[in-house]
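# my questions are about this predicted structure, shown below with the sequence.
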Amino acid sequence: MPENPSPSPSTEFSWHPPQQVLEIAELVLSGALPVAAGLEQTFGPQGASGLPPEISGRLAAGDTVVLEDAEGTPVAGMSLAVAGVASGEQGGTASLPMLTFTPRRPFTHAPVRAARRTPAQVRADLAGTDPAATGPDDAGSASPVLAVVVTTLLTAAQVEQLRAQALNTSHRLLWIAVAGTGRTLPLPADGLWRAVRDVAAEPDPGAPAAVAVPVVVPRSVAVDDVALLTAVARAHGATEVLVPGPAEGELHPAFAREHARAVPPPHRRGLTLFFTGLSGSGKSTVAKALAERLLDHTTRTVSLLDGDEVRRMLSAGLTFSRADRDLNIRRIGFVAAEVTRHGGLAICAPIAPFESVRAEVRAGVEQVGDFVLVHISTPLEECERRDRKGLYAKARRGEIPDFTGISSPYETPAGPELRIDTTGIPIEAAVDQVWALLTERGYLVAPEKTE
Ligand SMILES: Nc1ncnc2c1ncn2[C@@H]1O[C@H](COP(=O)(O)OS(=O)(=O)O)[C@@H](OP(=O)(O)O)[C@H]1O
Ligand SMILES: Nc1ncnc2c1ncn2[C@@H]1O[C@H](COP(=O)(O)OP(=O)(O)O)[C@@H](O)[C@H]1O
């Protein structure tokens, strides 16, 4: 081994980590979580082995890993301070690098951004001091504070009991709304925050004004959740911490309101209706006739993403290679998910011949609303007999390469919500079948029935 190796210049690696790593980094940077706990959460006991191998394999003391958000904006740097050596389980040794977090710029896309405050600001609020005057670390609250860490819907009785407990033990209430990756609460982060904020703002006779703050903590597997939540609450000035679990009984009105808003009835939920099938099977024809009927007879807003049209605009320039087809379908899925997120009805009608990307689109849409797959299963012989655009004839002559059904595969969907063979049936009969499904599932309400 060479003696006194000359120090190599430090390297900066860029890493777009899973969202929960960014959330942990933000907790550490805000002072809500000690660095060691943050690293434990991020990487587990294996040190930096949670980093992608192309980074961890090359990382040396003094290097920096820059965390980037989904847009590629650097949000924090993790510097490798010391490459320590610790004993491994079998008596061997394992390198456990020590990492530190340093801020690059504030997180800008985290949930409930506008309402967020640092632990120092919250402690100052509780103490009635100005953090700018006292400095971030001095702004402590001497008086007893009971933090209620809200991770679930609260009932009216729970809220009343928590208030009584705080009053009886002379604690001021600090309500913490917990959002973050992997939380399965039936409320989105903003809904939970609105409910918690409104509960805290309600008059509570005889008690000092409560303080409320949203905190983003990903659901973690590495450390017991309650321990982590307690540490975070204490950093915000809590002297006592409660993490109420779900309870039976009537929801507190603020939670009931947000719950009703988050889970609307089907006719107010966003939906993607995704047609798939061979060229000439009838996707566009049925989709267009259905869109017209929906606009005539319901209050739904409809966005039609037809295969041909998308190819001219959104996917102009793409070929019919497998990779380009998948990209085309991903783009359609992205737009459809946005329409769905906002409560609209997106009707897509591409060939979408591959099962894996259809499943990907379904999964994406189902994060924000509902997804219904309709396989227009008109057989190849009938599509070829129709040959509206003369494409099958050209494909047979070898003039169009990779033509679906001829020289490129079509994977029949395994579990569509509906299958329609349009051979020998009128267009309106095909539309009727889709209409019946949408009605049965509660997606359609006639205009006169809506409020
Ligand atoms: N090689 C090849 N294979 C299949 N289809 C072809 C091809 N070349 C051009 N076309 C025309 O493009 C339309 C299909 O585009 P899509 O975007 O729906 O296809 S895909 O979902 O990306 O596979 C399809 O339109 P539809 O008939 O409306 O389905 C065809 O007219
Ligand atoms: N029941 C039916 N539903 C849809 N299309 C039908 C039906 N019967 C006949 N057709 C004809 O089949 C052709 C389907 O073409 P198109 O809708 O463009 O298919 P795709 O979008 O799947 O390529 C049209 O010419 C249409 O008039």
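Great, that's in hand. Ligands and ions are numbered 1, 2, ... in the order given.

# closest residue of the stretch 151-300 of the chain to ligand 1?
Ser279 (3.3 Å; C-beta to the nearest ligand atom). (Glycine included, C-beta is placed from N, CA and C.)

# next, that residue: secondary structure please.
coil (DSSP: H, G, I helix; E, B strand; the rest coil).

# got the contact list for Ser321?
Asp402 (C-beta atoms under 8 Å, 6 or more residues apart in numbering).

# what residue ranges in the stretch 1-150 of the chain score low on pLDDT?
Along the stretch 1-150 of the chain, the parts satisfying pLDDT under 70 run over 1-8, 39-50, 80-99, 106-110, 129-142.

# one more time with 50
Along the stretch 1-150 of the chain, the parts satisfying pLDDT under 50 run over 1-4, 46-49, 82-96, 133-141.

# now the strands: where do they sit in it?
For the stretch 1-150 of the chain, the strands defined by DSSP state E, counting those that start in this stretch cover 12-15, 64-68, 74-87, 93-103, 145-150.

# by contact count, what packs against the helix or strand just after the last one?
When you say that, I think you mean strand 145-150. Next in sequence after strand 145-150, counting helices and strands by DSSP states H and E, comes helix 156-168. If contacts are counted by 3 or more C-beta pairs under 8 Å, 6 or more residues apart in numbering; DSSP states H and E, helix 156-168 sits against strand 145-150, strand 172-179.

# how far off centre is the strand or helix carrying Leu304?
Assessed by DSSP H and E, Leu304 sits inside strand 302-306. Here strand 302-306 is found 24 Å from its chain centre; the criterion is C-alpha atoms, centre = their mean, to the nearest Å.

# got the CA coordinates for that strand in CSV?
Taking Å, rounded to 0.1, in the frame of the first residue of the first chain, the C-alpha atoms of strand 302-306 are listed here in CSV:
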residue,chain,number,x,y,z
VAL,A,302,-64.6,14.6,-21.8
SER,A,303,-61.1,14.7,-23.3
LEU,A,304,-60.6,12.4,-26.3
LEU,A,305,-57.0,11.2,-26.9
ASP,A,306,-57.4,9.3,-30.2
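
# ok, now which ones touch the closest residue to ligand 1 within the stretch 251-400 of the chain?
Using C-beta to the nearest ligand atom, the point where the stretch 251-400 of the chain gets nearest to ligand 1 is Gly307, with a distance of 2.8 Å. Applying C-beta under 8 Å, 6+ apart, we find Gly307 in contact with 283-284, 349-351.

# same question, Ala289
427-428, 430-431.

# farthest pair within those residues?
The span of the contacts of Ala289, defined through C-beta to C-beta, is set by Glu428 and Ala430 at 7.3 Å.

# which one of these two has more residues nearby?
Ala430 (21 against 11; other C-beta atoms under 10 Å).

# still on that earlier bit, just the ones of the contacts of Ala289 in helices?
Using DSSP state H, 427-428, 430-431 are the members of the contacts of Ala289 that sit in helices.

# and the residues you listed as JSON lines, adding distance to Ser143?
Converted to JSON lines, those look like this (distance: C-beta to C-beta, whole Å):
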{"residue": "Ile427", "distance to Ser143": "73"}
{"residue": "Glu428", "distance to Ser143": "72"}
{"residue": "Ala430", "distance to Ser143": "70"}
{"residue": "Val431", "distance to Ser143": "67"}
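
# TSV for the residues you listed, including pLDDT?
Formatted as TSV, the ones in helices among the contacts of Ala289 follow (pLDDT from 0 to 100):
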residue	pLDDT
Ile427	98
Glu428	98
Ala430	98
Val431	98
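
# the contacts of Gly307: which ones sit near ligand 2?
Among these, the ones lying near ligand 2 by C-beta under 6 Å from any ligand atom are 283-284, 349.

# out of these, which are inside strands?
Applying DSSP state E to the ones next to ligand 2 among the contacts of Gly307, the entries found in strands are Ala349.

# now Pro413: closest residue in space that isn't a chain neighbour?
Using C-beta to C-beta, 6 or more residues apart in numbering and skipping the chain neighbours, the partner closest in space to Pro413 is His375 (4.8 Å).

# run a quick check on Thr73 versus Arg105, I expect a contact.
Yes: using C-beta atoms under 8 Å, Thr73 is in contact with Arg105, at 7.1 Å.

# among the two, which residue is more densely surrounded?
Thr73 (13 against 10).

# tell me how far Ser321 lies from Tyr410.
15 Å (C-beta to C-beta, to the nearest Å).

# what's the neighbour count on whichever residue of the chain sits closest to ligand 2?
Here the residue of the chain nearest ligand 2 is Gly282; by C-beta to the nearest ligand atom that distance is 2.8 Å. For Gly282, the count of nearby residues is 25 (other C-beta under 10 Å).

# residues near the closest residue in space to it that isn't next to it in sequence, how many?
Ranked by C-beta to C-beta, 6+ apart and with sequence neighbours excluded, the top spatial neighbour of Gly282 is Thr422, at 4.0 Å. Neighbourhood size, Thr422 [other C-beta under 10 Å]: 23.

# would you list the phi and psi of Thr422?
The phi and psi torsions at Thr422 (degrees, to the nearest 10) take the values phi -90, psi 0.

# pretty sure it is touching Ala430, no?
Yes: at 5.2 Å, Thr422 and Ala430 qualify as touching, with contact defined as C-beta under 8 Å.

# shared neighbours, these two?
282, 285-286, 376.

# list the contacts for Ala147?
Contacts of Ala147 by C-beta under 8 Å, 6+ apart are 174-176, 233-234, 236-238, 240-242.
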